[in-house]
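A.B. asks: What would the 3D arrangement of this be:
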Amino acid sequence: MKSSFKVSLKAGEKIYINGAVVRVERKTTLEFLNDVQFLMEGHVMQADQATTPLRQLYFAVQIMLMAPRDAEAARDMFRKSMPLLLATFESTEICNKLKLVDRLVGEEQIFEALRTIRSLFPLEAEAFANPTERKGAADAMIPVARAIGE
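C.D. replies: The predicted structure is shown next:
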């Protein structure tokens with residue numbers, strides 16, 4: 001038996017579904033009856049908000065979902081940034097979750113990868129309070145938006 005997934009949207013709100021942008025005119029509920037990759041407007045990060053290594057990673061992964069024609073360039077950035085990120089953070093929890101993100105992206109579970117990265121933002125802020133990790137953060141910064149043609 002297939003499970004369905006419902007998403008409620010407000011009037012004028014956008015949702016990104018498999019690379020398509022959909023805006024609803026009035027409050028509505030969408031029911032997905034099969035597997036679909038989507039991103040709610042409230043979870044979309046703009047390029048200028050990608051100010052930390054994990055936010056840059058999030059931005060690259062979101063491009064895989066939102067802009068399929070740029071997905072390969074975003075995957076290249078993801079592959080380049082992952083070893084840098086793993087070397088940057090001393091936190092076992094962050095590193096374990098980054099490995100999970102790597103697996104999720106490899107399995108095309110982009111939404112779950114984005115959710116996992118978002119959960120790391122508070123841990124990243126904590127880690128960068130430590131001068132050692134803050135210093136290493138500069139090495140993990142890759143100008144993602146510029147590299148994928150944004």
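A.B. asks: So what's the residue count around residue 120?
C.D. replies: Neighbour count for residue 120, taken as other CB atoms under 10 Å: 23. (C-beta placed from N, C-alpha, C; glycine too.)
A.B. asks: Go ahead and confirm it touches residue 95.
C.D. replies: No. Using CB atoms under 8 Å, residue 120 is not in contact with residue 95; the gap is 10.3 Å.
A.B. asks: burial count for the spatially closest residue to residue 45 that is not a sequence neighbour?
C.D. replies: In this structure, residue 45 finds its nearest non-sequential neighbour in residue 59, 5.3 Å apart by CB to CB, 6 or more residues apart in numbering. Residues near residue 59, counting by other CB under 10 Å, number 24.
A.B. asks: Look up how far residue 84 lies from residue 59.
C.D. replies: Taking CB to CB, to the nearest Å as the measure, residue 59 falls 15 Å from residue 84.
A.B. asks: Quick check: residue 91 touching residue 123?
C.D. replies: Yes. With contact defined as CB under 8 Å, residue 91 reaches residue 123; the gap is 6.4 Å.
A.B. asks: quick one, what contacts the residue nearest to residue 25 when sequence neighbours are not counted?
C.D. replies: Once flanking residues are discounted, residue 25 sits nearest to residue 11: 6.5 Å by CB to CB, 6+ apart. Contacts for residue 11 (CB atoms under 8 Å, 6 or more residues apart in numbering) come out as 24, 25, 26, 27.
A.B. asks: What is the nearest of those to residue 5?
C.D. replies: residue 24 (16.5 Å; CB to CB).
A.B. asks: State the number of residues packed around that closest one.
C.D. replies: 16.
A.B. asks: ok, it touching residue 17?
C.D. replies: No. Counting by CB under 8 Å, residue 17 is not a contact partner of residue 24; they are 11.7 Å apart.
A.B. asks: contacting residues for residue 37?
C.D. replies: 17, 18, 65, 108, 110, 111.
A.B. asks: Just give the closest residue to the residue positioned nearest the centre of the chain, not the sequence neighbours.
C.D. replies: Nearest to the mean C-alpha position of the chain, counting by CA atoms, centre = their mean, stands residue 58 at 3.1 Å. Computed as CB to CB, 6+ apart, the closest residue to residue 58 that is not its neighbour in sequence is residue 117, at 4.5 Å.
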